[in-house]
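Q: Give me a model of this one.
(one chain, ligands or ions: 1)
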Amino acid sequence: MTAPTLPALRPLTLGPHQVWPPVVLAPMAGITNVGFRRLCREQGGGIYVCEMITTRALVERNPKTLRMIAFGADEQPRSLQLYGTDPEITAAAVRIVVERNLADHIDLNFGCPVPKVTRRGGGSALPWRRRLFARLVRAAVDAASPAGVPVTVKMRKGIDDDHLTYVEAGLAAQDAGVAAVALHGRTAAQRYSGTADWDAIATLKQALDVPVLGNGDIWEADDALRMVAHTGVDGVVIGRGCLGRPWLFADLEAAFTGRTERRLPNLGEVAATMRRHAELLVDQFVAGARNPARGERDGCTDFRKHVAWYLKGFPVGSELRRSLAMIDSLAQLDDLLGKLDPTVPFPVETLGQPRGRTNSPGKVALPDGWLASRDDDTPPDGAELDDSGG
Ligand SMILES: Cc1cc2nc3c(=O)[nH]c(=O)nc-3n(C[C@H](O)[C@H](O)[C@H](O)COP(=O)(O)O)c2cc1C
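A: Prediction:
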């Protein structure tokens, strides 16, 4: 394969922050907690976004939400994603973030395709109401800018192919003063099906002056270089590709630095990474728990969902897989990892393959009359979520 021709590779500028390599760990609810981010940060540079926090829960000082806003002492910049649908609540939430110095960067989520969210007009349904979208983004930027905290938006192409919003929304966000715009090249109707439309990402890059970040279907470091070459984006956002493969961030740093080596860990090295991941989750949950034993169990429970991703393609029996996905303690994990053959080589046939969610497309649930009311800027009823990370 011939190497893609690359535009000049520069650090990604997000307001006052210079990010090198220009790589963003995508916010993923239930995944990108402080432990997982640390595991990824140990591999390579970039900016690592925390799990989504809802503005309502933050304003109401929901204890679970406040616990979720946790960063490592060496995490720079601290990147927080907010979900909101009401400009006033969003502004209040951003004021809390800046007054309490909770983060150095705020991303706004307009990409969520979950029916519970779009049915109320939130997430990927919201940019359709263009005046509300512009008002909301401006409210966040105005509340963050006195503290010098850059705000970015992350969105999809639109509701479906007949209701695309990304160029108009990107321009509106730019007018509102955002530091960058990230585009996941799918519509809400596509959910996680099909392939991401990198041409749309190129179109947005052409349309905007602020940095544009491309997102969707980067499974390998070389996909990131291909996306940059294809679209001219200023940075890439990686979600599912790093599930069970945090070393992808080492490959990305190598790729953006012009180096050709890529990690192909054998099963022993994968087991060591699994151990490290579980240990970081246990540390995180112990730090947040009154009872340390409970913290260890909760950390191990949180780790369970990652087991299948780590072992994808490796010849490991179903019984051992099942037991690993039921661990309650690190001692149990050590015992089970000890049963793996450390010499088994990496299953190269899984390279470039989708992982994580790949569900089918579907009609987007929207509030009644939503499509006919583009210029209504009233916040949708009941669309603020009380619970973070959903
Ligand atoms: C489990 C999971 C949780 C996600 N949670 C969020 C979220 O909270 N906020 C958000 O903006 N996107 C969320 N996403 C979308 C990702 O950030 C990303 O846009 C999407 O996965 C496409 O990128 P990829 O092809 O690299 O995975 C989530 C995706 C997954 C798979």
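Q: got a pLDDT number for the closest residue to the ligand within the chain?
A: The ligand sits closest to Gly239 of the chain, with a gap of 2.7 Å, by Cβ to the nearest ligand atom. (Each C-beta comes from the backbone N, C-alpha and C, glycine too.) Predicted confidence (pLDDT) at Gly239: the value is 98.
Q: Can you get me a residue count around the residue lying closest to it once chain neighbours are set aside?
A: Excluding its sequence neighbours, the residue lying closest to Gly239 (Cβ to Cβ, 6 or more residues apart in numbering) is Ala26, at 3.6 Å. Neighbour count of Ala26, defined by other Cβ atoms under 10 Å: 25.
Q: Who are the contact partners of Ala26?
A: Contacts of Ala26 were listed using Cβ atoms under 8 Å, 6 or more residues apart in numbering, and they are 32, 49, 154, 215, 237-239.
Q: how about the residues of the stretch 1-150 of the chain near the ligand?
A: 26-31, 52, 81, 109, 111-112 (Cβ under 6 Å from any ligand atom).
Q: Oh, that last question was meant for the stretch 151-300 of the chain, not what I typed.
A: Counting by Cβ under 6 Å from any ligand atom, the stretch 151-300 of the chain sits next to the ligand at 154, 184, 215-218, 238-241.
Q: Okay, and which of those residues map to strands?
A: With DSSP state E as the criterion, strands contain 154, 184, 215, 238 from among those.
Q: What ranges in the protein fall below the confidence cut-off?
A: Applying pLDDT under 70 to the chain flags residues 1-8, 387-390.
Q: For it, just list every one of the strands.
A: Assigned by DSSP E, the chain shows strands spanning 12-14, 17-19, 23-25, 47-54, 79-83, 105-110, 151-156, 180-184, 212-215, 235-238.
Q: Check whether Cys300 really touches Glu279, as I assumed.
A: No - using Cβ atoms under 8 Å, Cys300 makes no contact with Glu279, being 10.0 Å away.
Q: The two: which has the busier surroundings?
A: Each of Cys300 and Glu279 has its neighbours counted (other Cβ under 10 Å); Cys300 has more, 21 against 17.
Q: residues contacting that one?
A: Here Cys300 is in contact with 278, 281-282, 327-330, 332-333 (Cβ under 8 Å, 6+ apart).
Q: among the residues you listed, which are in helices?
A: Per DSSP state H, helices hold the following members of those: 278, 281-282, 330, 332-333.
Q: what's the residue lying closest to Gly15 once chain neighbours are set aside in contact with, if anything?
A: Closest residue to Gly15 apart from its sequence neighbours, by Cβ to Cβ, 6+ apart: Pro150 at 2.8 Å. Contacts of Pro150 were listed using Cβ under 8 Å, 6+ apart, and they are 14-17, 105-106, 144, 178-180.
Q: Tell me how far Pro150 lies from Asp197.
A: Pro150 is 26 Å from Asp197, where distance means Cβ to Cβ, to the nearest Å.
Q: What about the residues of the stretch 151-300 of the chain next to the ligand, which one has the most neighbours?
A: Highest neighbour count within these, by other Cβ under 10 Å: His184, with 29 neighbours.
Q: residues in contact with that residue?
A: Taking Cβ under 8 Å, 6+ apart, one finds 111, 154-157, 196, 215-216, 237 in contact with His184.
Q: From start to finish, how long is stretch 241-250 in a straight line?
A: 13 Å (Cα to Cα, to the nearest Å).
Q: In stretch 339-353, which residues are buried?
A: For stretch 339-353, the neighbour count (16 or more other Cβ atoms under 10 Å) marks 340, 346 as buried.
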